[in-house]
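Peer 1: model the following, please.
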Amino acid sequence: MPLDSRRLLEESVPVGGLLLVWYTLSALALPIADGAMLNALVTGFQTVGTAVAVVFVVVRGVAIARETRPVRLSSDVRELLDESTVVAVPVLAWAGLAALIALPYSLFQISADLSIIAAAFVQTAVATAALYVVIRVVPVLRSGLGSGGTATLGDD
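Peer 2: The predicted structure follows:
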């Protein structure tokens, strides 16, 4: 099964939800805590969210890599652009959502809470790119480990 932009975006939605929950918790901690406690709570919630997202990306990426066929890239520019589109579309969708949320904060200084939510979506864009990398690198590592030789993208 090939990997396309739609599937990558669908696979990144749970990561976005996960990060949104943890970043929202960090935003809710803002009015509760003060001083050093504030920094510890906000950073703690965001760190836990990031750690869980990393684990999810690695585990889910390895699982998807088993289902998808390895990519075989040549020096053809069209193939490279097609493969770049697979990752660019979902990453730009998450970054666009973050920008849409951050826009009122930037223009009108509405609430710092919105900037934290926007940060969750920026991090989701990064996690989506990381998911793509895991999906594409795992087959290369597997082929290299089994044969004892050097692996190139798309080796079986």
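
Peer 1: what's the closest non-adjacent residue to Phe45?
Peer 2: With C-beta to C-beta, 6 or more residues apart in numbering as the criterion, Phe45 has its nearest non-adjacent residue at 3.7 Å, and that residue is Ser26. (Glycine included, C-beta is placed from N, CA and C.)

Peer 1: does that neighbour count as helix, strand or coil?
Peer 2: Under DSSP: H, G, I helix; E, B strand; the rest coil, Ser26 falls in the helix class.

Peer 1: and it, how many neighbours?
Peer 2: Residue crowding around Ser26 was assessed by other C-beta atoms under 10 Å; the count is 24.

Peer 1: isn't it up against Ser115?
Peer 2: No. Using C-beta atoms under 8 Å as the test, Ser26 is too far from Ser115 to be in contact (11.3 Å).

Peer 1: in this structure, mark out all the helices, start to finish.
Peer 2: 5-32, 35-67, 77-108, 112-147 (DSSP state H).

Peer 1: could you redo those helices as a markdown table and give each row mean pLDDT?
Peer 2: Listed next are the helices of the chain as a markdown table, based on pLDDT from 0 to 100:
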| stretch | mean pLDDT |
| --- | --- |
| helix 5-32 | 90 |
| helix 35-67 | 89 |
| helix 77-108 | 86 |
| helix 112-147 | 84 |
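
Peer 1: from what I can see Glu83 touches Arg72, true?
Peer 2: No. Taking contacts as C-beta under 8 Å, Glu83 lies outside contact range of Arg72: 9.9 Å.

Peer 1: neighbour count for the two, which is higher?
Peer 2: Taking neighbours as other C-beta under 10 Å, Glu83 and Arg72 compare with Glu83 leading, 17 against 12.

Peer 1: how about the residue nearest the centre of the chain: what's its closest non-neighbour residue?
Peer 2: Residue closest to the average C-alpha location in the chain (C-alpha atoms, centre = their mean): Ala127, at 1.5 Å. Sequence neighbours aside, Val15 is the residue nearest to Ala127 in space, at 4.7 Å (criterion: C-beta to C-beta, 6+ apart).

Peer 1: now do the contacts for the one you found.
Peer 2: Ala53, Phe56, Val57, Thr124, Ala127, Thr128, Leu131 (C-beta atoms under 8 Å, 6 or more residues apart in numbering).

Peer 1: great, nothing more from me.
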